[in-house]
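# Dropping a prediction and its sequence here:
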Amino acid sequence: MKFLVCISNVPDTTTKIAFTPDNKEFNKAGVQFVINPWDEYALTRAIELKEAAGSGTVTVLNVGQADTEPNIRKALAIGADDAIRVDAVPQDAYFVAEQIAAIAKEGAYDVILMGKESIDYNGFQVHGMVGEMLGIPTVAPAMKLDMSGNTATLEREIEGGKEIVSVNTPFVASCQQPMCEPRIPNMRGIMTARTKPLKVVPAVGEPARTTVAEYALPPKKQGVKLIDAENAGELIKLLRNEAKVI
């Protein structure tokens, strides 16, 4: 079984967001980047399934520039066998999906996993695009994944409940908790990651279809006004004239 796990390089969740002076790019100065937390579920589950089967490979794929390689090496330290980096800026969802689909097709992977979305843009788009480009099923978002031969059983969240889905390989799935407990690399994994293959390939296909016109931070929170419980009239006045919610 060949697993392809797609990972994104995203700012740490504690990062203070700022943009360049023209508000067209995220300001990376002083920012620590991590593996997208949702992708860690996909990576760990792929490794678990490979270990349970006693055979197979787990390949990590990232679309990004050279500064993403420390986190690619971290994924190798966690347990992936090898890695591929598409040397390009991940400009939009379609562009990223096109790169993933090309690698997946060339490598004839059985299972393509990724997080349900990246925590920087929260687009929830790439998995569906990859499945459509490859003409294979996509299950999203999956909370549980088990394999029996070439058949997978997945549990996905739906409005008001859960749905159990059975699908044969090849397929795409996006992952979220509680699929597994994400692993952290141990010292042995960190040492072996240094010698695992990391292949760098050029981007394929067309340029990004969309561009960012401008980024904007949300307005700063206003101060809290406390209204006496006996003064309902004042409260109504503020809700109508200032908050404009009634």
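Structure received. Residues are numbered from 1 along each chain as shown.
# where do the helices sit along this structure?
Counting by DSSP state H, the chain has helices at residues 37-53, 69-78, 93-107, 126-134, 187-193, 232-241.
# Give me the helices and strands touching the shortest one, please.
In other words, helix 187-193. Packing partners of helix 187-193 (3 or more CB pairs under 8 Å, 6 or more residues apart in numbering; DSSP states H and E): helix 69-78. From N, CA and C alone the C-beta is placed, and that goes for glycine too.
# angle of the helix it packs on against helix 37-53?
Per axes from the mean of the first three to the mean of the last three CA atoms, to 10 degrees, the angle that helix 69-78 makes with helix 37-53 is 30 degrees.
# hey, least reliable of the helices of the chain by pLDDT?
Among the helices of the chain, helix 232-241 carries the lowest mean pLDDT, at a mean of 88.
# Sketch out the low-pLDDT regions of the chain for me.
Applying pLDDT under 70 to the chain flags no residue at all.
# Can you give me every residue that contacts A42?
Counting by CB atoms under 8 Å, 6 or more residues apart in numbering, A42 touches V5, C6, I7, L113, M114, G115, A173, S174, C175, M179.
# State which strand of this structure is the longest.
strand 138-148 (DSSP state E).
# for it, which positions count as buried?
Buried positions in strand 138-148, judged by neighbour count with 16 or more other CB atoms under 10 Å: T138, V139, A140, P141, A142, M143, L145, M147.
# repeat for stretch 67-87
With burial defined by 16+ other CB under 10 Å, the residues of stretch 67-87 counted as buried are 68-69, 71-81, 83-86.
# With distance to G161 added, can I get the helices of the chain in CSV?
Listed next are these as CSV, based on distance: least, CB to CB, whole Å:
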stretch, distance to G161
helix 37-53, 21
helix 69-78, 32
helix 93-107, 28
helix 126-134, 21
helix 187-193, 38
helix 232-241, 36
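# among those helices, which is nearest V31?
Closest approach to V31 among the helices of the chain (CB to CB): helix 69-78, 12.8 Å.
# That closest one - contacts with which helices or strands?
strand 33-35, helix 37-53, strand 57-64, strand 82-87, helix 187-193, strand 198-202.
# Quick check: which of those is buried the most?
Comparing the helices and strands packed on helix 69-78 by mean neighbour count (mean count of other CB atoms under 10 Å), strand 57-64 comes out on top with a mean of 24.
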